[in-house]
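S.K.: Provide a 3D model corresponding to the input given below.
(one chain, ligands or ions: 2)
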Amino acid sequence: MPEKETIYILAIESSCDDTSVAVLKNNSVLSNVVANQQIHEEYGGVVPELASRAHQQNIVPVTNKALAKANIDKKQLSAIAFTRGPGLMGSLLVGTSFAKSMALGLDIPLIEVNHMQAHILAHFIDDEKMKAPTFPFLALTISGGHTQIVRVNDYFKMDILGQTLDDAVGEAFDKSAKILGLPYPGGPLIDKYAALGNPTKFEFPKPKVKELDFSFSGLKTSILYFIQKNTAENPDFIKENLEDICASIQYTIVNILMDKLKKAIKKTGIRKVAVGGGVSANSGIRKALLDAQDKLGWAVYIPKFEYCTDNAGMIGIVGYLKYKNADFVNHDISAKARYVI
Ligand code: KG4
Ligand code: ZN
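M.R.: Ligands and ions are numbered 1, 2, ... in the order given. Got it, this is the predicted structure:
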């Protein structure tokens, strides 16, 4: 009997402000190198023009590092997978062009990957610390760029049930933090202070959005007005109440997410929830999900943190799944800033 082919995928992620390259052997990750771009910190958010320039500088050294860490020679690679979209056009173009030239140079297949599918399919990376959900399941993808609830019927059969109409949930954290004078990205800091505060001290209105969609821009505005009003009366209001303000903001955001998830479960009858995206690091959302697992009988899946934030490991697992289907693309492919699942 012929030996089963070993598939080596080199995967490239450059959709936003992280340059990442991974090498996979079948469905396991041999290396997953991420270069974060500190440059955006001083601007309080991602500057697209600077992001694409930084990708341009990072992409070759990050690729070399990923190959070296995996102890794989590029001649062993079976295919190149890359993020085609959605994301920032200037950033996507760097990864797309690099992937094309590498596949062309090595004369191996090229595989395009939808970044949002990759966040979801990251659950299928073979890792002793992770358990993959069975189909169908619900995926909650929450990050600085995305907020989506997706019904996942099969690897490549997904239906978006709800998504944000304006800001992503990570932006809600980061913009609230900015109002409080905290540095970017403020999400982790809100989480840190929230742990020490009273979550019901201040009340913020929950948006009224139909069905399973989300909206966070109104919350940001109400926090801004709340802070302006209170600091006009007491200039030290933020300093004196930082922990309670953060706890109350986090409590509101977690409730918004949990309410929609409950609605999605009621609507679909599916009780399996797989989360992804950087905001799944938030201790409030983790606790709420694990409580729901204990008390409501949900099955909750949270990947390792390195596969939650933007990373090429998740692009690689999609590359592997598509390779098995011989789902390749030609070299005339172009990046897609808007790319629906
Ligand atoms: O997935 P990610 O690394 O990048 C993309 O946005 O695609 O997510 C980053 C986002 C930021 O908005 C950051 O503030 C948020 O995730 N974040 C958190 C926490 N850790 C990261 N938000 C709240 N609590 C956290 N612990
Ligand atoms: Zn992402």
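
S.K.: which other residues reach stretch 158-172?
M.R.: Stretch 158-172 has contacts (C-beta atoms under 8 Å, 6 or more residues apart in numbering) with 117, 120, 138-139, 142-153, 175, 185, 187, 209, 211-217, 219-220, 253, 257, 260, 264, 267-268, 277-279, 340-341. Heads up, the C-betas are built off the backbone N, CA and C, glycines and all.

S.K.: And for stretch 218-231?
M.R.: With contacts defined as C-beta under 8 Å, 6+ apart, stretch 218-231 is touched by 167, 171-172, 175-176, 179-180, 202, 204-207, 237-238, 245, 249, 252-253, 256.

S.K.: Kindly report the residues of the stretch 51-200 of the chain close to ligand 2.
M.R.: Proximity of the stretch 51-200 of the chain to ligand 2 is confined to Ser143 under the rule C-beta under 5 Å from the ion.

S.K.: do that again at 8 Å, thanks
M.R.: Gly87, His115, Met116, His119, Thr141, Ser143, Gly144, Gly145, His146 (C-beta under 8 Å from the ion).

S.K.: Could you pull up the contacting residues of the residue in the stretch 201-341 of the chain that ligand 2 sits nearest to?
M.R.: Closest approach between the stretch 201-341 of the chain and ligand 2, counting by C-beta to the ion: Asp310, at 4.5 Å. When the contact criterion is C-beta under 8 Å, 6+ apart, the partners of Asp310 are Glu13, Ser15, Cys16, Asp18, Ser20, Val34, His115, Ser143, Gly278.

S.K.: Tell me the secondary structure at it.
M.R.: Each residue gets one of three states, and Asp310 gets coil by DSSP: H, G, I helix; E, B strand; the rest coil.

S.K.: That one and His115: what is the separation?
M.R.: As judged by C-beta to C-beta, to the nearest Å, Asp310 and His115 stand 8 Å apart.

S.K.: do the same with Pro61
M.R.: The gap separating Pro61 from His115 is 22 Å, by C-beta to C-beta.

S.K.: from the contacts of stretch 158-172, which ones fall inside helices?
M.R.: Among the contacts of stretch 158-172, the members falling in helices (DSSP state H) are 117, 120, 175, 187, 217, 219-220, 253, 257, 260, 264, 267-268.

S.K.: hmm, which of these are the buried ones?
M.R.: Gln117, Ile120, Lys175, Gly187, Leu219, Lys220, Ile253, Leu257, Lys260, Ala264, Thr268 (16 or more other C-beta atoms under 10 Å).

S.K.: Tell me the one among the ones in helices among the contacts of stretch 158-172 nearest to ligand 1.
M.R.: Nearest to ligand 1 out of the ones in helices among the contacts of stretch 158-172 is Gly187 (C-beta to the nearest ligand atom; 2.3 Å).

S.K.: can you map out the strands along the stretch 51-200 of the chain?
M.R.: Using DSSP state E, counting those that start in this stretch, the strands of the stretch 51-200 of the chain run over 79-85, 110-114, 137-142, 147-154, 157-163.

S.K.: tell me the centre residue of this structure?
M.R.: Computing the C-alpha centroid of the chain and ranking residues by C-alpha atoms, centre = their mean puts Gly277 first, at 2.7 Å.

S.K.: isn't that residue right next to His146, touching?
M.R.: Yes - using C-beta atoms under 8 Å, Gly277 is in contact with His146, at 6.0 Å.

S.K.: Find the residues that touch each one of these two.
M.R.: Taking C-beta under 8 Å, 6+ apart as the criterion, Gly277 and His146 both touch His119.

S.K.: list residues touching both of Asp310 and His115?
M.R.: Taking C-beta under 8 Å, 6+ apart as the criterion, Asp310 and His115 both touch Glu13, Ser15.

S.K.: Pull up the gap between Ala177 and Cys246, please.
M.R.: Where Cys246 is concerned, Ala177 sits at a distance of 8 Å (C-beta to C-beta).

S.K.: Which positions in the stretch 201-341 of the chain make contact with ligand 1?
M.R.: Contact residues, the stretch 201-341 of the chain versus ligand 1 (C-beta under 6 Å from any ligand atom): Gly277, Gly278, Val279, Ala281, Asn282, Thr309, Asp310.

S.K.: As CSV, these with pLDDT and distance to Tyr43 would be great.
M.R.: Listed next are those as CSV, based on pLDDT from 0 to 100; distance: C-beta to C-beta, whole Å:
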residue, pLDDT, distance to Tyr43
Gly277, 93, 22
Gly278, 91, 18
Val279, 96, 21
Ala281, 92, 23
Asn282, 96, 23
Thr309, 93, 20
Asp310, 94, 18
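
S.K.: who wins for most neighbours among these?
M.R.: Val279 (30 neighbours; other C-beta atoms under 10 Å).

S.K.: contacting residues for it?
M.R.: Val279 neighbours (C-beta under 8 Å, 6+ apart): Ile142, Ser143, Gly144, Val169, Gly170, Phe173, Gly187, Ile285.
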